[in-house]
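A.B. asks: pasting the sequence and the predicted coordinates here, then a few questions.
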Amino acid sequence: MQTIVALATPPGNSGVAVIRMSGERARSILSELIRDKDVLTARKMYLKNVYIGEIVDNCLVVYFPAPNSFTGEDVVEIQSHGGYFLAQKIIDECIRLGAQVADRGEFSKRAFINGKLSLDQAEGIMDLINAESEMQAQAGSTLMQGRLKEKIQAYQRELTDSLADIEAKLDYPEYEYTASESADIKGKIEQIVSNLHTLIDDSTVGVVIKNGVKVALVGAPNVGKSSLLNALTKTNRAIVTAVAGTTRDVIEAEYTYNGIIFRLFDTAGIHESTDEVELIGIERARKALADADIVLRVSDDQSRCEIQTDKPYIDVYNKSDKLSKVEKASHEGTNNINVSARTGENIDQLKQMIFERTISGSVNTNKFYLTNTRHITAVKEALSHLKNALEIFDTTSMDILSSEIKQAWQSLGEITGETNNEAIIDRIFEKFCLGK
């Protein structure tokens, strides 16, 4: 394959920029850049001058010979001083010496092609890079380390054993299965079906870990929804005034609690209006309400929110600093809370309530969760084929049974990439950044 080069760190001015090359000419191009033909010791960092025309930079360089590298090919990395112009000049010089610019995700794609990564491990790398919370980082790290790959390959091995037994029957039709042999095959399939069901059931938590919890703040105008959003996120994201109807559009902000991202949607006050612009905001508020995982029905001492929703909700009585003890007591309940966005009273308790109403008790930090929609879809497809196999197990021919099991095997293989579906592989690595 052609030797590729790209910037592996974000472009722009920084302390250090990392330029990465992979391919059979990577080592020789590095030798020309540093004007040193001596063989560099593998995996040892050297301080060398890198020559780019009339420019000389003092860089750290390292060489990883194939197959013991990230891509499985010869790889070199150059750590130059971080500057957009300088890093680009080094890349241009590498291209002049025979390399070509890498496509998005091409380093990771080569690692997959050369057997250094499975598809799900590569996706784990991207999830780890893009993580915005502790739980997202843990999920990405777990995926990158191959825990899903291990599970899927174990299921595939079981299916392969069952297929081998069935194919033997097809090749030797005069052989009759004993009841115990037939029960053994059926038992393996039933166990895999049970395991896949568990993965799917737990994936609801996995999706929350990856995408966060959507929280809609609804209520009448001027009850303090925007102030509450600012208090929960500890920002000034939403404009706050004493004028009713200040919020005309949905304002988004987020905070992290117990490792989970909570995405807040501050909506326009839902009420009767003839104002055209305000009506648009109210319609968007209704959509945010429909899309939410949980709803905060915000009230104050002047207005009680009674907006109906089929989602989990909490009645939040804002401006508690203006309420008497008697008024506060009248709001007490397992699904109610008095808060003050102005003073911060009970804001942390509200966060805990939101957490408890959505995912508390569901998240186990030591457990593996499916977080990727592609993986969930593939497991569902495999599960469907295996359930079909069980339904027809005692009434159909072995070739039809074999076909269902093979399709289940293929569906599982789409997770790790063992089906060699080029379209899926290309689609995944196109999502990667340059240099990765």
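C.D. replies: Here it is on my side, so go on.

A.B. asks: helix, strand or coil for residue 287?
C.D. replies: Put simply, residue 287 is helix when judged by DSSP: H, G, I helix; E, B strand; the rest coil.

A.B. asks: which ones are touching residue 336?
C.D. replies: Shown in contact with residue 336 (Cβ atoms under 8 Å, 6 or more residues apart in numbering): 314, 315, 316, 317. Bear in mind the C-beta positions are built from the backbone N, C-alpha and C, glycine included.

A.B. asks: the residues you listed in strands, which ones?
C.D. replies: Members of those lying in strands (criterion: DSSP state E): 314, 315, 316, 317.

A.B. asks: top of these by number of neighbours, please.
C.D. replies: residue 316 (29 neighbours; other Cβ atoms under 10 Å).

A.B. asks: tell me where the stretch 51-200 of the chain has strands.
C.D. replies: Taking DSSP state E, counting those that start in this stretch as the test, the strands found in the stretch 51-200 of the chain are 55-64, 75-81, 100-101.

A.B. asks: please identify the most buried of these.
C.D. replies: The highest mean neighbour count among those, using mean count of other Cβ atoms under 10 Å, belongs to strand 75-81: a mean of 21.

A.B. asks: on that earlier part again, turn the strands of the stretch 51-200 of the chain into TSV, columns for distance to residue 343 and mean pLDDT.
C.D. replies: TSV is the format used below for the strands of the stretch 51-200 of the chain (distance: least, Cβ to Cβ, whole Å; pLDDT from 0 to 100):
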stretch	distance to residue 343	mean pLDDT
strand 55-64	53	96
strand 75-81	49	96
strand 100-101	56	96
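
A.B. asks: I'd like these as JSON lines, with distance to residue 196 appended.
C.D. replies: Output for those, formatted as JSON lines (distance: least, Cβ to Cβ, whole Å):
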{"stretch": "strand 55-64", "distance to residue 196": "38"}
{"stretch": "strand 75-81", "distance to residue 196": "37"}
{"stretch": "strand 100-101", "distance to residue 196": "41"}
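
A.B. asks: for residue 233, which of those strands is the nearest?
C.D. replies: strand 75-81 (37.1 Å; Cβ to Cβ).

A.B. asks: next, the angle from the closest one to strand 55-64.
C.D. replies: If you take axes from the mean of the first three to the mean of the last three Cα atoms, to 10 degrees, strand 75-81 sits at 150 degrees to strand 55-64.

A.B. asks: circling back: what is the nearest of the ones in strands among the contacts of residue 336 to residue 188?
C.D. replies: residue 314 (46.3 Å).

A.B. asks: so which of the strands of the stretch 51-200 of the chain comes closest to residue 338?
C.D. replies: Across these, residue 338 has its closest neighbour in strand 75-81 (55.4 Å, Cβ to Cβ).

A.B. asks: who's in contact with the closest one?
C.D. replies: Against strand 75-81 from outside (Cβ under 8 Å, 6+ apart): 8, 15-22, 26-27, 29-30, 33, 50, 57-64, 66, 69, 86-87, 90.

A.B. asks: distance check, residue 75 against residue 16.
C.D. replies: The gap separating residue 75 from residue 16 is 18 Å, by Cβ to Cβ, to the nearest Å.

A.B. asks: got it, and residue 22?
C.D. replies: Look at residue 22 and residue 16: by Cβ to Cβ, they are 20 Å apart.

A.B. asks: got it, and residue 336?
C.D. replies: Using Cβ to Cβ, one gets 53 Å for the distance from residue 336 to residue 16.

A.B. asks: I'd say residue 141 and residue 129 touch.
C.D. replies: No - contact criterion Cβ atoms under 8 Å: residue 141 and residue 129 do not qualify, at 11.0 Å.

A.B. asks: tell me how many other residues surround residue 391.
C.D. replies: Around residue 391 there are 11 other residues, counting by other Cβ under 10 Å.

A.B. asks: so who does it touch?
C.D. replies: By Cβ under 8 Å, 6+ apart, the contact list for residue 391 is empty.

A.B. asks: for residue 136, give me its contacts.
C.D. replies: Counting by Cβ under 8 Å, 6+ apart, residue 136 touches 127, 130, 209, 210, 261.

A.B. asks: now stretch 315-332: buried residues?
C.D. replies: Neighbour counts over stretch 315-332 (16 or more other Cβ atoms under 10 Å) mark 315, 316, 317, 318, 319, 320, 323, 331 as buried.

A.B. asks: now swap in stretch 297-308 and tell me
C.D. replies: Of the residues in stretch 297-308, 297, 298, 299, 300, 303, 305, 307 count as buried by neighbour count, 16+ other Cβ under 10 Å.
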